[in-house]
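*Asks:* Kindly generate the corresponding structure for this input.
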Amino acid sequence: MEIDWTAEYLRLTRGHRHERLDPEVVRREGNPLERRLTEADVREAEQDLGITFPSEYRAHLLRFGDVGRRFRQLWRGPRGWGWYGDVDTNYDLLTEPFPHPDSYRAYDEEHDAREPPREDTAAWEAWDSEGGVFHERVTAGAVFIQEGGCGFSTLLVVTGPHRGEMWFDGRASCDRILPLRLGGRPVTFADWVDQGMSMTPW
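*Replies:* Residues are numbered from 1 along each chain as shown. Model prediction:
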């Protein structure tokens, strides 16, 4: 059965959120970003999102919160729990395991190699939508925890074998998602915070 890539891409993009503070809610109830998270909040967020936060991130939320931090803040918005200002994370894919780049490199190269001529509009649009689906799925199971500017982001993996690791979305320059490393081992959330939350793979 042939896949309708355009329909699939549109379906996946609905997993993104574009939520901001409602001034009326802030006036009536106070700023939700200034609330200190409780154990009940964190449990509710995990249930709402369908995931269990990596232990270091979870402990950080309960001990320090993330008010004023240089990464996206967990909050309860109009559509439920998520990360304030985050338009990049696909919430519908959070429960799927984060894929290691080695698992899809061959597919990526094969997809690029069969780009049809742009003059064949229908074929090119289907090919482009297939690429859109692929790019949505390469960050499944990860939160875009920090926006780094110029198209770069730092990812916190929350699902799969790499859960708890920090990765760097460098697709803006090198078209790759790369692991952050420290002393030859994967960087955890606590490592990343200790190192100033400004690590890159290069």
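*Asks:* Show the residue spans covered by the helices in this protein.
*Replies:* Taking DSSP state H, the helices of the chain run over residues 5-13, 23-29, 39-49, 55-63, 105-113, 121-137, 189-194.
*Asks:* Nearest to Ala172 among those helices would be which one?
*Replies:* Evaluated over the helices of the chain, closeness to Ala172 peaks at helix 121-137, with 12.2 Å, by Cβ to Cβ. Any C-beta I mention is one placed from the backbone N, CA and C, and that applies to glycine too.
*Asks:* Can you report how many residues lie near Pro186?
*Replies:* The local packing count at Pro186 equals 15, with neighbours defined by other Cβ atoms under 10 Å.
*Asks:* Let the chain start at 54 from now.
*Replies:* Yep, numbering from 54; the last one is Pro239 now.
*Asks:* Report pLDDT for it.
*Replies:* Confidence per residue is given as pLDDT, and for Pro239 that number is 98.
*Asks:* got it, and Asp145?
*Replies:* Among the per-residue scores, Asp145 shows a pLDDT of 98.
*Asks:* Please name the residues that touch the residue lying closest to it once chain neighbours are set aside.
*Replies:* The spatial neighbour of Asp145 that comes closest, neighbours along the chain excluded (Cβ to Cβ, 6 or more residues apart in numbering), is Gly68 at 3.1 Å. Residues in contact with Gly68, defined by Cβ atoms under 8 Å, 6 or more residues apart in numbering, are Asn143, Tyr144, Asp145, Leu146, Glu189.
*Asks:* Please report how far Gly68 lies from Thr192.
*Replies:* Plainly put, Gly68 is 11 Å away from Thr192 if you go by Cβ to Cβ, to the nearest Å.
*Asks:* Pull up the overlap in contacts between the two.
*Replies:* Taking Cβ under 8 Å, 6+ apart as the contact rule, Gly68 and Thr192 both touch Asn143, Leu146.
*Asks:* Fine by me, thanks again.
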